[in-house]
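S.K.: make a model of this:
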Amino acid sequence: MKLIVKCKECRSENDSPVKAATRIKIVQKYGEEFEMKCNSCYETHTYEIDDIRAVDYSFGELIKNRIAVFLIVLVVTFTLGFILLGLNAGLIISVIATLISMALLKKNNSGKNLTFNKHKVKGRMSK
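M.R.: Numbers count the residues shown, from 1 in each chain. Now for the predicted structure:
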């Protein structure tokens with residue numbers, strides 16, 4: 001899950017300096033507010049945990065972040081396809097299996113993002 005914060009000044013998207021699976025865990029670990037310097041305008045602002053938003057990884061980020069998983073799927077399916085059906089079938093099966101694993105991983109992250117974005121902490125935590 002990729003967490004971003006939009007700059008209050010220039011509205012550019014910056015990676016969140018705090019990371020966790022839920023907003024409650026972020027509050028428990030880091031508190032309800034944090035400071036962040038924008039990568040575009042270099043202004044420092046104070047943000048609340050509810051200013052963090054979860055977004056989907058781009059296709060390139062997904063491959064870069066999960067390359068080990070995709071390589072293992074590719075090698076295992078190619079080896080099994082090669083042993084059982086031959087070289088061409090092994091290549092085709094391994095590419096299809098890798099694409100399916102990418103699609104399933106992206107779908108899984110979309111559900112997590114929706115849950116993260118839906119559950120705000122404002123009003124739930126005591127000050």
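
S.K.: which residue ranges of this structure form strands?
M.R.: All strands of the chain, identified by DSSP state E, fall at 2-6, 13-15, 33-37, 44-48, 52-55.

S.K.: nearest to I92, of these?
M.R.: strand 2-6 (31.5 Å; C-beta to C-beta). Bear in mind the C-beta positions are built from the backbone N, C-alpha and C, glycine included.

S.K.: residues touching that closest one, excluding its own?
M.R.: 12-16, 18-19, 36, 47, 51-57, 61, 116 (C-beta atoms under 8 Å, 6 or more residues apart in numbering).

S.K.: what do you get for stretch 49-67?
M.R.: So stretch 49-67 is contacted by 1-6, 13, 16, 18, 23, 26-27, 30, 32-34, 70, 102, 105-106, 109-110, 112-113, 116-117, 120-122 (C-beta under 8 Å, 6+ apart).

S.K.: if we can go back for a sec, make JSON lines out of the strands of the chain and add mean pLDDT, distance to S94 and mean neighbour count.
M.R.: Listed next are those as JSON lines, based on pLDDT from 0 to 100; distance: least, C-beta to C-beta, whole Å; neighbours: other C-beta atoms under 10 Å:
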{"stretch": "strand 2-6", "mean pLDDT": "91", "distance to S94": "27", "mean neighbour count": "17"}
{"stretch": "strand 13-15", "mean pLDDT": "91", "distance to S94": "32", "mean neighbour count": "14"}
{"stretch": "strand 33-37", "mean pLDDT": "91", "distance to S94": "42", "mean neighbour count": "14"}
{"stretch": "strand 44-48", "mean pLDDT": "92", "distance to S94": "44", "mean neighbour count": "14"}
{"stretch": "strand 52-55", "mean pLDDT": "90", "distance to S94": "30", "mean neighbour count": "18"}
